[in-house]
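*Asks:* please work out how this folds:
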Amino acid sequence: MREEFAVKPKEGEPWDVVIIGSGPASLTAAIYTTRGAASTLILAGEKWGGQLMLTTQVDNYPGFPDGIQGPILMMAMRKQAVRFGAEFIEKDVEEVNFLSNPFELFVNRKKYLAKTVIIATGAKTRWLSVPGEERLLGRGVSSCAPCDAPLFKNKRVAVIGGGDSAMEEALVLVKYASSVTIIHRRNEFRASAAMQSRVKNNPKMKIIWDSAVKEIIGEQKLEKLKIWNLKTSQESEIEVDGVFVAIGHSPSTEIFKDKVDLDEKGYVKVFDHTKTSVEGVFVAGDVHDVNYRQAVTAAGFGCMAAFEVIRYLDKNTTVVKNS
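*Replies:* Coordinates of the predicted model:
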């Protein structure tokens, strides 16, 4: 059953809010904006749902004591947002104009107008792009130790990377795994001295320097890694039950360059919790969050952005409500 909490604008009129993206931040925001009587359009993208669409078992999202499959969780969020009146379009936004009033967003040669915008496009994991990686994703290959570490209790795991993120992944995993092997392309880490010290002084940690993963091997699940030494060109194999890729993330902000302020890594700069450098444009989730990158925190940011949108609309425009 569809419950209309907000009146859809007539053709040529602006939406109260257009949300760009379709992960937990976007869909949570839509649940709150629609229930706040703001007409809401979700420009979800052709590959909608964010990182959870690539995740199998999710055990750390509240309310699911037995866990839930990532795609099932996202479909439930989508249905909930649509139930309250959000419109959902599975197309990519090609261009935005935040100088106009109302704002203009261009999708498949069609222009949409918005009184406010929430940027919730997320961030993409940088993968290794080696044979076996995509096929074994969720079957031993992961990019989130806080999500999956308990699955590897008393098992052998490897972490790929040399920055703070890799050290953080390793330090979470070592609480569960029997051993953690860090594989790094260089002969020294980029991580902070404090993080390096914690890793190097842990007896369960092993480090393979000057090396890269050439192939991820396994049939139904990960079995071993083929390693290539970048200095000697020698190849070797190590048996592991899991591998965690921690070579960074890329925020999905290409279309927002020169439209809102971005930091040196390309993440949207945040002012006063969820505001961007453009009045009326808000942000939520991994597209600005470099610290947590969890579904539940993204949902929390989505809720916060929605509240700010409603307050902005109440102050600056008249939101038409059902009688």
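*Asks:* state the pLDDT value of the closest residue in space to Leu230 that isn't next to it in sequence.
*Replies:* Excluding its sequence neighbours, the residue lying closest to Leu230 (C-beta to C-beta, 6 or more residues apart in numbering) is Asp210, at 5.1 Å. For glycine as for every other residue, the C-beta is placed from the backbone atoms N, C-alpha and C. At Asp210, the pLDDT value in this model is 97.
*Asks:* before we move on, what about Ile160?
*Replies:* Reading off the model, Ile160 has pLDDT 97.
*Asks:* for stretch 242-252, what is the distance to the chain centroid?
*Replies:* Remark: stretch 242-252 is offset 11 Å from the chain centroid, using C-alpha atoms, centre = their mean, to the nearest Å.
*Asks:* what residues sit buried inside it?
*Replies:* Gly242, Val243, Phe244, Val245, Ala246, Ile247, His249, Pro251, Ser252 (16 or more other C-beta atoms under 10 Å).
*Asks:* so the residue nearest to Leu230 sits against Ile183, correct?
*Replies:* No: the criterion here is C-beta atoms under 8 Å, and Asp210 misses it with Ile183 at 9.7 Å.
*Asks:* secondary structure element holding the residue lying closest to His184 once chain neighbours are set aside?
*Replies:* Distance criterion C-beta to C-beta, 6+ apart; nearest residue to His184, sequence neighbours excluded, is Gly162 at 3.9 Å. Applying DSSP states H and E as the criterion places Gly162 outside every helix and strand.
*Asks:* and Gly162, what does it touch?
*Replies:* Taking C-beta atoms under 8 Å, 6 or more residues apart in numbering, we find Gly162 in contact with Ile182, His184, Arg185, Arg186, Glu188, Phe189, Arg190, Ala191.
*Asks:* do you know how far it is from Asp286?
*Replies:* Gly162 sits at a distance of 22 Å from Asp286 (criterion: C-beta to C-beta, to the nearest Å).
*Asks:* cool, Lys275 as well?
*Replies:* Lys275 is 17 Å from Asp286, by C-beta to C-beta.
*Asks:* hmm, back to that, what's near enough to touch the residue nearest to Leu230?
*Replies:* Contacts of Asp210 by C-beta under 8 Å, 6+ apart are His184, Arg185, Arg186, Asn187, Asn229, Leu230, Lys231.
*Asks:* could you rerun that using 6 Å?
*Replies:* Asn187, Asn229, Leu230, Lys231 (C-beta atoms under 6 Å, 6 or more residues apart in numbering).
*Asks:* between Lys275 and Asp286, tell me which one has more neighbours.
*Replies:* Higher neighbour count among Lys275 and Asp286: Asp286, with 29 against 17, using other C-beta atoms under 10 Å.
*Asks:* got the phi and psi for Val58?
*Replies:* For Val58, the backbone dihedrals (degrees, to the nearest 10) come out as phi -110, psi 110.
*Asks:* ah, wrong one, I meant Leu52
*Replies:* Residue torsions, per degrees, to the nearest 10, at Leu52 are phi -70, psi -20.
*Asks:* so what's it closest to, chain neighbours aside?
*Replies:* Nearest to Leu52 is Gly70, by C-beta to C-beta, 6+ apart, at 3.8 Å.
*Asks:* let's see the pLDDT reported for the one you found.
*Replies:* Confidence at Gly70, expressed as pLDDT, is 89.
*Asks:* now for it, how many residues are close by?
*Replies:* Counted with other C-beta under 10 Å, Gly70 comes out at 22.
*Asks:* for it, give me its contacts.
*Replies:* Gly70 makes contacts with Leu52, Thr55, Val58, as judged by C-beta under 6 Å, 6+ apart.
*Asks:* what sits against the last one?
*Replies:* It stands for Val58. Ile68, Gly70, Leu73.
*Asks:* so which of the residues you listed belong to strands?
*Replies:* Ile68 (DSSP state E).
*Asks:* farthest pair in the contacts of Asp210?
*Replies:* Using C-beta to C-beta, the contacts of Asp210 reach their maximum pairwise distance at Asn187 and Asn229, which is 11.2 Å.
*Asks:* more neighbours: which of those two?
*Replies:* A count of neighbours by other C-beta under 10 Å puts Asn229 above the other of Asn187 and Asn229, at 14 against 11.
*Asks:* if we ignore the residues flanking it in sequence, what's nearest the more buried one?
*Replies:* Per C-beta to C-beta, 6+ apart, closest to Asn229 is Ser211, 5.2 Å.
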